[in-house]
Structure formats: C-alpha cells, structure tokens
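Enquirer: no sequence for this one, just the structure:
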C-alpha cells in the first residue's frame with residue numbers, strides 16, 4: 001500500500017479507514033480491543049500518525065495470517081512471540097495450544113465486526129422501539145379515558161335525573177301549598193260574604 005502523506009503529518013479517522021480498509025466503528029472497537037494509544041486533540045477528537053497507521057496495518061496483516069484477536073493481543077504485548085507455519089493455512093502462536101485456520105479467523109473477525117455493527121443498530125433503533133411502546137401505552141390510556149368519560153356521562157345523567165326529581169318534588173310542594181292557600185282564601189271570602197249578607 002502506498003502512503004501519500006509523510007510521517008510527520010496526521011490523519012483523520014476517515015483517512016485511516018480508507019488506508020486500512022477498517023470501518024471507523026471497527027477502528028474505535030480495535031482501540032479498546034487491542035489497547036491502542038490513539039492520540040486526541042484539544043477537542044477530544046482522534047487523530048492518527050504514521051505510528052498508529054502502521055499498528056492498524058500490522059493488525060490487519062496478523063488477521064490475514066489467521067490469528068484471532070486474543071492471539072493478536074499477545075503478539076502486540078510480546079514482540080518476542082514467534083509466528084510459525086506462515087506458509088501453511090494453519091497458523092499457531094508460540095506458547096499457545098490453539099490452532100485456527102485462516103477461514104475460521106476471518107469468520108471470527110467478521111462476527112466481531114458484525115456484532116459491533118448490530119450493537120449500534122440496536123442503540124439507534126431503541127428510541128423508535130420506545131416510541132412504539134409509548135404509543136401503545138398512550139392508546140390504552142386513551143381507551144381508559146374514553147371509558148371514564150362514558151361512565152361520567154352516565155353519572156351526570158343519573159345526577160341530573162336526581163336533580164330533576166328533587167325539583168319536581170319542590171314544585172309539587174309549591175303547587176300543594178298554592179292550592180291550600182287558594183282553598184283557605186276561598187273559605188275566608190265565603191265566610192266574609194256570609195257574614196255580610198247574613199247580617200242584613
């Protein structure tokens with residue numbers, strides 16, 4: 001691979017992604033996975049020098065040789081580790097009893113990257129899932145509110161009927177009192193007329 005920039009220059013994560021073939025989220029994952037010391041600027045943004053570029057290219061080379069991530073970590077921590085069987089399809093790290101084929105190692109790397117991608121997709125979709133749940137809960141609350149309103153309307157009707165009955169009773173009492181008053185007044189008038197005409 002031809003590096004166009006000189007060693008003193010720095011690279012953005014996008015440029016490093018293009019040079020190494022690793023996606024930006026994979027680079028961020030490898031920073032933690034392999035404990036890479038990637039520098040940051042005053043704004044806490046990552047920047048890369050030729051040193052970090054070489055480390056990532058070295059990791060890619062080890063992956064292509066068939067090493068797993070734990071094996072790569074061992075190689076990065078112990079430069080004296082010797083790789084054997086480079087010409088074979090199987091690669092073993094000295095001091096390790098594990099042997100893995102190139103295809104298996106590539107599958108493991110692909111699975112790890114896929115898991116990272118899925119994690120981000122899940123996080124991105126969580127808000128939409130929450131909104132759907134909230135909408136469902138809101139729909140249930142709306143139904144409950146409708147039921148409460150219906151019950152309140154029934155209660156209002158019952159209450160209004162009770163009020164009307166009370167008013168009707170009040171009016172009936174008033175009518176009865178008025179009839180009694182009229183009856184008494186009529187009786188009084190008759191008594192007056194009787195006394196007047198009886199006197200003559």
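Expert: Ah, there it is. In this text the structure is predicted, and so the values were computed from the model without any measurement.
Enquirer: any idea how far residue 76 is from residue 182?
Expert: According to Cβ to Cβ, to the nearest Å, residue 182 and residue 76 sit 115 Å apart. Every residue, glycine included, has its C-beta placed from N, CA and C.
Enquirer: higher neighbour count, these two?
Expert: Higher neighbour count among residue 182 and residue 76: residue 76, with 16 against 10, using other Cβ atoms under 10 Å.
Enquirer: pull the number of nearby residues for residue 180.
Expert: 10.
Enquirer: hey, where'd the strands end up in the protein?
Expert: 83-84, 90-93, 99-101 (DSSP state E).
Enquirer: avg pLDDT for the last one?
Expert: Read it as strand 99-101. Taken as a whole, strand 99-101 carries a mean pLDDT of 50.
Enquirer: do the same with the longest one
Expert: The average pLDDT for strand 90-93 rounds to 45.
Enquirer: got it, and stretch 25-34?
Expert: Averaging pLDDT along stretch 25-34 yields 94.
Enquirer: same question for stretch 62-70.
Expert: 92.
Enquirer: can you pull the contacts of residue 52?
Expert: For residue 52, the contacting residues are 11, 16, 36, 38, 39, by Cβ atoms under 8 Å, 6 or more residues apart in numbering.
Enquirer: now, of these, which are buried?
Expert: Neighbour-count burial (16 or more other Cβ atoms under 10 Å) is assigned, among these, to 11, 16, 36, 38.
Enquirer: in stretch 67-75, what counts as buried?
Expert: By neighbour count with 16+ other Cβ under 10 Å, stretch 67-75 contains the buried residues 67, 68, 69, 71, 72, 74, 75.
Enquirer: nearest to residue 173 among those residues?
Expert: Comparing the buried residues of stretch 67-75 against residue 173 with Cβ to Cβ places residue 69 closest, at 94.8 Å.
Enquirer: any idea how far the residue nearest to residue 73 when sequence neighbours are not counted is from residue 191?
Expert: Nearest residue to residue 73 in three dimensions, chain neighbours excluded: residue 34, at 5.9 Å (Cβ to Cβ, 6 or more residues apart in numbering). Going from residue 34 to residue 191 by Cβ to Cβ gives 122 Å.
Enquirer: having no further points to raise, I will conclude here.
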